[in-house]
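Colleague: here is my input, please return the structure:
(one chain, ligands or ions: 2)
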Amino acid sequence: MEKNIKFPVIDLSKLNGEERDQTMALIDDACQNWGFFELLNHGIPYDLMDNIERMTKEHYKKFMEQKFKEMLRSKGLDTLETEVEDIDWESTFFLHHLPQTNLYDIPNMSDEYRTAMKDFGKRLENLAEELLDLLCENLGLEKGYLKKVFRGTKGPTFGTKVSNYPPCPNPEMIKGLRAHTDAGGLILLFQDDKVSGLQLLKDGDWVDVPPLKHSIVINLGDQLEVITNGKYKSVMHRVMTQKEGNRMSIASFYNPGSDAEISPAQSLVDKESEYPSFVFDDYMKLYSGVKFQPKEPRFEAMKNAAVTTDVNPVATVETF
Ligand code: OGA
Ligand code: NI
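Modeller: Ligands and ions are numbered 1, 2, ... in the order given. You can find the predicted model right below:
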């Protein structure tokens, strides 16, 4: 309980006033010690967020819920007596924005929903790029450094995972989403403001990421840990299932382009870096099979070769 109180909540509008330095320091501290923070007054209109939330919940009820229930039945997940560790209790679909959009290929989205998602995606992309520059400033890297690294030759990859975590009769038997670190760059999450469930691992304890109306939760992926030479960390997180309530979560992933070359920034390396250098796509090929395993063996594997067989792929999942 006590720990939730300290979870970093940052008012981004304070960057424009007298409290700029303190706010920058809060962001730096969150990046170093939490890997997560929650933003208010981030510039994304709250009425757009309300519309997205309403339409996402309607879309789930109309087009996803029945399918999810059938999946539960067919996999025997509706009556669990032992813990399940190879599947997640979530209903999802994926929107790709960059380098190419798939927004018009997704079935069952109303024009209004598509338009709102396009607008929301663009605003999140801008926010991600603004944040990357704030990180550069805190890290003493030149403005635009991170954006440039992420660009590769084709521009960054940007996508949104739209999820619902429906109520679960046996929360102790299955996770909404198993513990993992995110592979990519910066993740921007619009989560349900009532139903909780997201937790991060801090100093050995699972800590709730508190639901907060109209906030955007930010977390850092493995690539930022590598580029910052470990100054910033990608942190393990998971989603717990709940007996009551359907948790909405819209997670957007601002990632390097497939051919972006990732390596620790020279100015952040003293002697020799512990971190590998690689092409982002090679990292993703490895990650998709070992998402739910610790990141350290991934970094080791990338160091030793291109993709090696050091780590055991368990399953291939769609990941950003
Ligand atoms: C993810 C993730 C959290 C959430 O998709 O990688 O961590 O709350 N999602 O949905
Ligand atoms: Ni994640």
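Colleague: hey, let's count contacts and neighbours off CA atoms from now on
Modeller: Fine.
Colleague: which strands or helices does the helix or strand containing residue 129 pack on?
Modeller: In this assignment (DSSP states H and E), residue 129 forms part of helix 111-139. Counting contacts by 3 or more Cα pairs under 8 Å, 6 or more residues apart in numbering; DSSP states H and E, helix 111-139 packs against helix 20-33, helix 46-59, helix 145-151, strand 186-191, strand 247-255.
Colleague: closest to ligand 1 out of those?
Modeller: Across the helices and strands packed on helix 111-139, ligand 1 has its closest neighbour in strand 247-255 (4.8 Å, Cα to the nearest ligand atom).
Colleague: within the sheet, what are the partner strands of that closest one, with directions?
Modeller: Sheet pairing of strand 247-255 (DSSP bridges) gives strand 157-165 (antiparallel), strand 186-191 (antiparallel).
Colleague: need these in TSV (columns: mean pLDDT).
Modeller: Formatted as TSV, the strands paired with strand 247-255 follow (pLDDT from 0 to 100):
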stretch	mean pLDDT
strand 157-165	98
strand 186-191	98
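Colleague: let me have these in a markdown table, adding distance to ligand 1 and mean neighbour count as columns.
Modeller: Listed next are the strands paired with strand 247-255 as a markdown table, based on distance: least, Cα to the nearest ligand atom, whole Å; neighbours: other Cα atoms under 10 Å:
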| stretch | distance to ligand 1 | mean neighbour count |
| --- | --- | --- |
| strand 157-165 | 6 | 23 |
| strand 186-191 | 6 | 24 |
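Colleague: do you know which of the ones you listed lies nearest residue 224?
Modeller: Among the strands paired with strand 247-255, strand 186-191 comes nearest to residue 224, with 7.7 Å by Cα to Cα.
Colleague: show me how far stretch 126-135 is from its chain's centre.
Modeller: Remark: stretch 126-135 is offset 15 Å from the chain centroid, using Cα atoms, centre = their mean, to the nearest Å.
Colleague: hmm, who's touching it?
Modeller: Defining contact as Cα atoms under 8 Å, 6 or more residues apart in numbering, one finds that stretch 126-135 is touched by 24, 28, 42, 143-147, 186, 188, 254.
Colleague: and with 7 Å instead?
Modeller: With contact meaning Cα atoms under 7 Å, 6 or more residues apart in numbering, stretch 126-135 is reached by 143-144, 146-147, 186, 254.
Colleague: pLDDT (mean, whole number) over it?
Modeller: When pLDDT is averaged along stretch 126-135, the result is 98.
Colleague: which parts of this structure sit against ligand 1?
Modeller: Proximity of the chain to ligand 1 is confined to 182, 198, 239, 249, 251 under the rule Cα under 6 Å from any ligand atom.
Colleague: residues in contact with the fourth one?
Modeller: If you count contacts by Cα under 7 Å, 6+ apart, residue 249 has them with 162-164, 189-192.
Colleague: show me the two of these that sit farthest apart.
Modeller: Across the contacts of residue 249, no pair lies farther apart than 164 and 189, at 12.9 Å, counting by Cα to Cα.
Colleague: coming back round to it: residue 115: which of the residues of the chain next to ligand 1 is nearest?
Modeller: For those, the minimum distance to residue 115 (Cα to Cα) is 17.6 Å, reached by residue 251.
Colleague: now residue 14: closest residue in space, sequence neighbours ignored.
Modeller: With Cα to Cα, 6 or more residues apart in numbering as the criterion, residue 14 has its nearest non-adjacent residue at 5.8 Å, and that residue is residue 20.
Colleague: how many neighbours does that neighbour have?
Modeller: Residues near residue 20, counting by other Cα atoms under 10 Å, number 14.
Colleague: kindly report the same for the one 4 residues further on.
Modeller: Neighbour count of residue 24, defined by other Cα under 10 Å: 19.
Colleague: same check on residue 117?
Modeller: 22.
Colleague: give me the pLDDT value at the residue nearest to residue 14.
Modeller: In the predicted model, residue 20 carries a pLDDT score of 98.
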